[in-house]
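>>> Build me a structure from this.
(chains A and B)
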Protein chains: 2
Amino acid sequence: MARIVMKFGGTSVGDIARIKNVANRVKAEVDRGNQVAVAVSAMSGVTNQLVDYCTQMAPLHDAREYDAVVATGEQVTSGLLAIGLQELGLQARSWAGWQIPIVTDDAHGKARIEKIDGSEIIAAMEKGHVAVVAGFQGIGPENRVSTLGRGGSDTTAVALAAALKADRCDIYTDVDGVYTTDPRIVKTAKKLDKITYEEMLEMASLGAKVLQTRSVEMAMKHHVRVQVLSSFSDVPGTLVCDEEEIVEKALVSGIAYSRDEAKVTLVGVQDQPGVAAGIFGPLAAANINVDMIVQNTARDGTTDVTFTTGRADLERALKVVKDNMKVPCKSIITDKAVVKVSVIGVGMRSHAGVAQTMFGALADKNINIHIISTSEIKVSVLISEEYTELALRALHTAYGLDAA
Amino acid sequence: MARIVMKFGGTSVGDIARIKNVANRVKAEVDRGNQVAVAVSAMSGVTNQLVDYCTQMAPLHDAREYDAVVATGEQVTSGLLAIGLQELGLQARSWAGWQIPIVTDDAHGKARIEKIDGSEIIAAMEKGHVAVVAGFQGIGPENRVSTLGRGGSDTTAVALAAALKADRCDIYTDVDGVYTTDPRIVKTAKKLDKITYEEMLEMASLGAKVLQTRSVEMAMKHHVRVQVLSSFSDVPGTLVCDEEEIVEKALVSGIAYSRDEAKVTLVGVQDQPGVAAGIFGPLAAANINVDMIVQNTARDGTTDVTFTTGRADLERALKVVKDNMKVPCKSIITDKAVVKVSVIGVGMRSHAGVAQTMFGALADKNINIHIISTSEIKVSVLISEEYTELALRALHTAYGLDAA
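The predicted model follows:
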């Protein structure tokens, strides 16, 4: 007997037929003798509709009212799934976030879970009942409904798994696991059996879009074993787990990319102490996320500073840089046609030459590197967007990731 | 300064533009210096969609899960209206039923309100804030969301007005008041300025469909002054109030009709004690609502018993009657092409001849009466459906109700 938390995303519960399909999957897990709690997203499209309503009422709206409105999507799905489970002969009931309660802070619209009282859910599971929990939501300090931000149902599931001391948290989605790279681009991409939390974090934040970043952080913190698998097939998925659970560690586990990048270069900035602080302080104050930063060695007393940001933030970032009287520059160059490609692997902690393999493979294809950035378990490069597919395929082969 | 509860139904909040219109109406009430709480229905079509989802999941479903699902419609509207009010510069917040709380019994799907804690709402109103309350719902004894049944938002509004000791409960709807009869049929129908609770109850249950019956009962019990008015025009509506508040009492206030009638006649039933109980006991046990009942004087030791029921219940009622071995009859005659027409007025308590005026007016038009039934403040007749319009116009004129 194991205790399992299952999570189904919006596509998996996209219509009544699919919710019935989910009910069957849950029943199969119960029939295996397991204790089961389920976290569900809103039916696909519903959250967008509700967000759109709020924006139509007022472009800038009270986050607490927004939360009261959008949290209803998951409440609907949880009730419907409970009905579906009962129809299959199971004992089941739904819980909204406030009923459990899932206590969050007061950062409405992107609240963080502070505490989950698992007692009612555990009591239900121990009687053999299925607990269905509305994802994406909790209750804030003033007894008001809060939501966890986009993809928050993953976080609900992982936090619930931690609170229930579940043996595993299965995240059902529309892909059947985590691949070495995007299989739509690289046909030889392989599904990974296992991946570490650290690697998954890099994969998620770099654009692999399988799991919400915060849910992976939470899984890592509480050692929740998370399995990513498809709700539309029956093949095993990818397990996200502690490094110790992975016997054969690959040097590089995967290659991620993100097209949501824009590059800004400040040409001819005075080379003096405080320049970087003078540039990036105002950007931070304007709540603009800056990712990669490069400063070249000075020549003639001036230097060039380049940074990247999300494409949606480019115009705002430019305005901040231009209005910044404290750090004048000769000119500003921007480029939106760029992509960030990253090779990721915990194995590179103990192996030299990983970056060199990357640079060599790209050079072989005549791909110019704009920016390089490294961390303990990844190497990222910014290249022109037109080389995305070529670079991914070349790197996939160079690191020996191609399927046999 | 008055304290007002405003209620807006599904049509009044049918889309974003209409919710904004509602926000403007609420602001106008606040600008008059009044304390305002608002109860809202789901956007039109939403509740039907949610009910349909539940039915698709399982034709017979857990009423508690049904409640969790369908109560979300009103939660969405309440949040959106709060946003709209804030956009107009007002302080506003929404409350779901469980947050207030509106405590109900455990009859999920058709729960009754047991208690409303008005303290938070009153505190908000006294600070000049607008309280927006999700209608149609409450919280049952097991901390689970309950709903009040169709039209329940009217009940929410009236119960809230009672709990808040409001000076008036304004029910905004798609008609601009209560008329002497259906103005689509009788062009000379007049809007009533005032009507007593008792009369409104008869009007509501007889098919005038303006206010939910239970909400009128509750208003009567707690002496809540209820105004019915249009959310699409600015004319005054109809006030439903205690009899004492009405100075000029009309003999007959209105003429209602209901097409949802079916007639069943049991021909040649043995005339002996216990026959009525023998017929209607099984119908009650099968939860079939029986309205009018007539038993003729016996002839040759047998009698005919006629009753009416809702058209949707006719087939079930017939089956119960046929299967009823204890009360055999020679034959059964049914008729669905009937209509019940009623004249209503508290004035008839103290005046004779009201029924006679009705019978005379119908006779003058050669309209045959199938069944007659009377109560303290109404006289109802069952006639063939084809005479509906003719009968309404004749009675409207006979009681002097035609507009000048």
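
>>> A:Ala111 and B:Met6, how far apart?
As defined by C-beta to C-beta, to the nearest Å, A:Ala111 lies at a distance of 31 Å from B:Met6. C-beta here means a position set from N, CA and C on the backbone, and glycine is covered the same way.

>>> Sorry, slip of the keys, the one I care about is A:Asp117.
Taking C-beta to C-beta as the measure, A:Asp117 falls 37 Å from B:Met6.

>>> Pick out whichever of those two has more residues nearby.
Ranked by neighbour count (other C-beta atoms under 10 Å in any protein chain shown), A:Asp117 and B:Met6 place B:Met6 first, with 27 against 12.

>>> Would you enumerate the residues in contact with that one?
Applying C-beta atoms under 8 Å, 6 or more residues apart in numbering or on different chains, one finds that B:Met6 lies in contact with B:Arg25, B:Val26, B:Glu29, B:Val36, B:Ala37, B:Val38, B:Ala39, B:Ala157, B:Asp170, B:Tyr172.

>>> For it, grab phi and psi.
The phi and psi values for B:Met6, taken as degrees, to the nearest 10, are phi -110, psi 140.

>>> How about the secondary structure of whichever residue of the stretch 251-400 of chain A sits closest to chain B?
Minimum separation of the stretch 251-400 of chain A from chain B (C-beta to the nearest C-beta) falls at A:Asn287, amounting to 22.4 Å. Assigned by DSSP: H, G, I helix; E, B strand; the rest coil, the conformation of A:Asn287 is coil.

>>> where's it relative to B:Val40, distance?
Counting by C-beta to C-beta, the separation of A:Asn287 from B:Val40 is 34 Å.

>>> which of the two has more neighbours?
Each of A:Asn287 and B:Val40 has its neighbours counted (other C-beta under 10 Å); B:Val40 has more, 34 against 8.

>>> if I pick the most centrally placed residue in chain A, what's in contact with it?
Geometric centre of chain A, nearest residue: A:Gln212, 2.8 Å, by C-alpha atoms, centre = their mean. Shown in contact with A:Gln212 (C-beta under 8 Å, 6+ apart): A:Arg150, A:Gly151, A:Gly152, A:Asp154, A:Thr155, A:Ala204.

>>> Quick one: buried ones out of these?
Burial by neighbour count, 16 or more other C-beta atoms under 10 Å in any protein chain shown: within the contacts of A:Gln212 this picks out A:Gly151, A:Gly152, A:Asp154, A:Thr155, A:Ala204.

>>> which one of the contacts of B:Met6 has the most neighbours?
Most neighbours among the contacts of B:Met6, by other C-beta under 10 Å: B:Ala157, with 34 neighbours.

>>> correct me, but it touches B:Ile171?
Yes. The criterion here is C-beta atoms under 8 Å, and B:Ala157 meets it with B:Ile171 at 6.3 Å.

>>> Overlap of the contact sets of the two?
In terms of C-beta under 8 Å, 6+ apart, B:Ala157 and B:Ile171 are both contacted by the residues B:Lys7, B:Ser215.

>>> How many neighbouring residues does the closest residue to chain B within the stretch 201-350 of chain A have?
Closest approach between the stretch 201-350 of chain A and chain B, counting by C-beta to the nearest C-beta: A:Ser231, at 17.1 Å. A:Ser231 is flanked by 21 other residues according to other C-beta under 10 Å.

>>> close enough to count as contact, A:Asp67 and A:Leu148?
No. If you go by C-beta under 8 Å, A:Asp67 and A:Leu148 don't touch, sitting 9.6 Å apart.

>>> which neighbours do these two share?
Joint contacts of A:Asp67 and A:Leu148 (C-beta under 8 Å, 6+ apart) are A:Ala111, A:Gln137.

>>> tell me the contacts of the residue of the stretch 101-250 of chain A found nearest chain B?
Using C-beta to the nearest C-beta, the single residue of the stretch 101-250 of chain A nearest to chain B is A:Asn143, 6.2 Å away. By C-beta under 8 Å, 6+ apart, the contact list for A:Asn143 reads A:Trp98, B:Gln99.

>>> Now, the contacts of B:Met6 that are in strands?
By the criterion of DSSP state E, membership of those in strands covers B:Val36, B:Ala37, B:Val38, B:Ala39, B:Asp170, B:Tyr172.

>>> For those, name the two members farthest from one another.
The distance between the two most remote of the ones in strands among the contacts of B:Met6 (C-beta to C-beta) is 13.5 Å, for B:Ala37 and B:Tyr172.

>>> Give me the contact list for the helix or strand encompassing A:Ile279.
Using DSSP states H and E, A:Ile279 falls within helix A:275-285. Residues outside helix A:275-285 that contact it (C-beta under 8 Å, 6+ apart) are A:266, A:269, A:290, A:293, A:295, A:303, A:305, A:307, A:309, A:317, A:320-321, A:323-324, A:326-327.

>>> Would you write a PyMOL line that selects the buried entries of those residues?
The buried subset of the contacts of helix A:275-285, as determined by 16+ other C-beta under 10 Å, is captured in PyMOL by this line:
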select buried, chain A and resi 266+269+290+295+303+305+307+309+317+320+321+324+327
